[in-house]
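[1] Sequence and predicted model, in that order:
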Amino acid sequence: MLGSAPHIGQSSRHVRTPKPFAFALITCVLVIQSITAMAAGTEIKEENYGSMSDGRNVKIFTLTNKSGLRAKVTEYGAILVSMETPDKSGKTADLTHGYDTLEGWLTNTSYFGATVGRFGNRIKDGKFTLDGKDYSLATNNEPGGVPCHLHGGVKGFDKVLWSGKPTGAGGVEFSYTAKDGEEGYPGNLSVKVTYTLTDDNELKWEARATTDAPTVLNIVHHSYWNLSGNPTKSINDHVLTLDADGYLPTNAGLIPTGKIDPVAGTPMDFTKPTVIGDRIDADFEALKFGAGYDHAWVLKMGKGVRLAARLKDPKSGRVMEVSTDQPAIQFYGGNFLDGTATGKGGVAYAHRTALCLETEGFPDAPNQPSFPSPVLRPGETYRHTMIHKFSVE
């Protein structure tokens, strides 16, 4: 067991919040709007981030808490642009892969920082049946040469413009309506994603959605983390703990077989703090299929939000705890980063220089009756909470 994370689930909504104010700064013919709001010690700054190819403006929000932690989020893709935290010596650095400008984010094919959906992770053959009707989705990924549907399709939630606004409670809320038939999915879907930075040094990501027709849903947050703050450094020396006794074995196309295998006695066992690189080259089928770690771990049963993962960089002393209300967490070790994506500061992101810890429903759940159901029906509300808590030791 990982134990419990202190203060998880606390909300700043109980704190009286001053009303936000706005001002406009006009320089030559360029108008940049900036709004600063204070909520429970968290400052929220709103600025223009650029424009889409069709002329629509895109906003970026900077959230800074009383400890000096700073998160930047943008309307494009409901993306976490950056997350800055201090190390044990007090030196602050950005811990995420991504881009410096909106133009860079528009080229994002690795899902850096993104909110992905409708269905995060993979669906076998891009097909599923719901209430007796067959649906066909784009096959936009082919691990092991086996085509599948990945992260919502060709133009999923990560590639659309959301509408963002400060919540008045230390956060920013993004809204998007996915139309019936968008990327092949049924139902008009109303989605809200909120990022909140608390004074407990937690970055909370929450997704909520409703539909007017039955649909399948698995909205996932997809940041790439390197706790060293050095984007050229391997994450193989990070120490990971997962509160999971089982994982989902897959075929060569990284589609779950439907079984849940125990992690005990295998390189998939992270029930105790383990250096990521220690067993990454082991002669083990799952690691061969994924070119390293790229699987869903089945979290221990529990009600509500509970601790799922703990990640530590021994050298910097940074620690990140991940809590969630979802049944699984996908640990992806950056195996397919190959230097072709050039990101912040002109850095070419190399092999295993970042990792993902994506809390989620089970991959391919629309085709696996034994998995937790991904079906959302009219009158129901989809909910997904994910909390990153930062500290040093």
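    Nice, I can see it. Numbering: from 1, shown residues only.

[2] mind listing what residue 306 touches?
    Taking Cβ atoms under 8 Å, 6 or more residues apart in numbering, we find residue 306 in contact with 4, 243, 299, 323, 324, 325. To be clear about C-beta, it is placed using only N, CA and C from the backbone, and glycine gets the same treatment.

[3] List only those of those residues flagged as buried.
    Under a neighbour-count criterion of 16 or more other Cβ atoms under 10 Å, the subset of the contacts of residue 306 counted as buried comprises 243, 299, 323, 324, 325.

[4] what's the average pLDDT for the longest helix seen in the chain?
    Identified as the longest helix of the chain according to DSSP state H is helix 285-290. For helix 285-290, the mean pLDDT works out to 97.

[5] residues in contact with the following helix or strand past that helix?
    Remark: after helix 285-290, the chain's next helix or strand is strand 294-299, criterion DSSP states H and E. For strand 294-299, the surrounding residues in contact (Cβ under 8 Å, 6+ apart) are 121, 242-250, 254, 256, 260, 263, 268, 270, 286, 306, 308, 324, 326-333, 335, 360, 362-363.

[6] again, only using 6 Å
    The set of residues external to strand 294-299 that reach it, using Cβ atoms under 6 Å, 6 or more residues apart in numbering, is 242-244, 246-248, 260, 286, 308, 327-330, 332, 363.

[7] after that strand, next one along is what?
    On the C-terminal side of strand 294-299, the nearest following helix or strand under DSSP H and E is strand 306-312.

[8] Which secondary structure state is assigned to the most centrally placed residue in the chain?
    Within the chain, one residue has its C-alpha closest to the average C-alpha position: by Cα atoms, centre = their mean, that is residue 221, at 1.9 Å. The three-state label given to residue 221 by DSSP: H, G, I helix; E, B strand; the rest coil is strand.

[9] List the residues that contact residue 359.
    When contacts are counted by Cβ under 6 Å, 6+ apart, residue 359 touches 324, 326, 329, 386.

[10] what mean pLDDT does the helix or strand harbouring it have?
    In this assignment (DSSP H and E), residue 359 forms part of strand 356-360. Rounded to a whole number, the mean pLDDT of strand 356-360 is 98.

[11] Identify, from the contacts of strand 294-299, the entry nearest to residue 167.
    The shortest approach to residue 167 among the contacts of strand 294-299 belongs to residue 308, at 24.6 Å (Cβ to Cβ).

[12] one step back: just flag the most distant two among the contacts of residue 359.
    Between any two of the contacts of residue 359 (Cβ to Cβ), the greatest distance is 9.4 Å, for 329 and 386.

[13] ok, back up a step: would you check that the residue nearest to the centre of the chain makes contact with residue 206?
    No - when contacts are counted by Cβ atoms under 6 Å, residue 221 is not listed as touching residue 206 (9.7 Å).

[14] Redo the buried ones among the contacts of residue 306 as CSV? Include distance to residue 393.
    As requested, those are exported to CSV (distance: Cβ to Cβ, whole Å):
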residue, distance to residue 393
243, 19
299, 24
323, 18
324, 22
325, 26
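
[15] so of these, which ones are in helices?
    Helix and strand membership here follows DSSP H; of the buried ones among the contacts of residue 306, not one is in helices.

[16] Let's have the residues you listed in JSON lines, adding pLDDT and distance to residue 64.
    What follows is those, written out as JSON lines (pLDDT from 0 to 100; distance: Cβ to Cβ, whole Å):
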{"residue": "243", "pLDDT": "98", "distance to residue 64": "31"}
{"residue": "299", "pLDDT": "98", "distance to residue 64": "31"}
{"residue": "323", "pLDDT": "98", "distance to residue 64": "22"}
{"residue": "324", "pLDDT": "98", "distance to residue 64": "25"}
{"residue": "325", "pLDDT": "98", "distance to residue 64": "27"}
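
[17] still on that earlier bit, closest to residue 353 out of the contacts of strand 294-299?
    The nearest one, if we look at the contacts of strand 294-299 relative to residue 353 and count by Cβ to Cβ, is residue 332, at 12.6 Å.

[18] what's the neighbour count on the closest one?
    By the criterion of other Cβ atoms under 10 Å, residue 332 has 22 neighbours.

[19] now swap in residue 113 and tell me
    Applying other Cβ under 10 Å, I find that residue 113 has 26 neighbouring residues.

[20] cool, and residue 239?
    Using other Cβ under 10 Å, residue 239 is surrounded by 18 other residues.

[21] try the one 3 residues further on
    Neighbours of residue 242 under the rule other Cβ under 10 Å: 26.

[22] next one: residue 280
    By other Cβ under 10 Å, the residues close to residue 280 number 17.

[23] ranges for the helices of this structure?
    Listed in chain order, the helices of the chain (DSSP H) span 102-105, 285-290.

[24] what about these, which gets the closest to residue 83?
    Set against residue 83 and scored by Cβ to Cβ, the helices of the chain come closest in helix 102-105, at 15.2 Å.

[25] Please pull out the lowest mean pLDDT helix or strand from this structure.
    strand 21-27 (a mean of 32; mean pLDDT, DSSP states H and E).

[26] residue contacts, residue 125?
    Shown here is residue 125, which makes no contacts under the criterion Cβ under 6 Å, 6+ apart.

[27] Tell me how far it lies from residue 135.
    Counting by Cβ to Cβ, to the nearest Å, the separation of residue 125 from residue 135 is 11 Å.

[28] go on, residue 301?
    30 Å.

[29] okay, the two: which has more neighbours?
    Higher neighbour count among residue 301 and residue 135: residue 135, with 17 against 7, using other Cβ under 10 Å.
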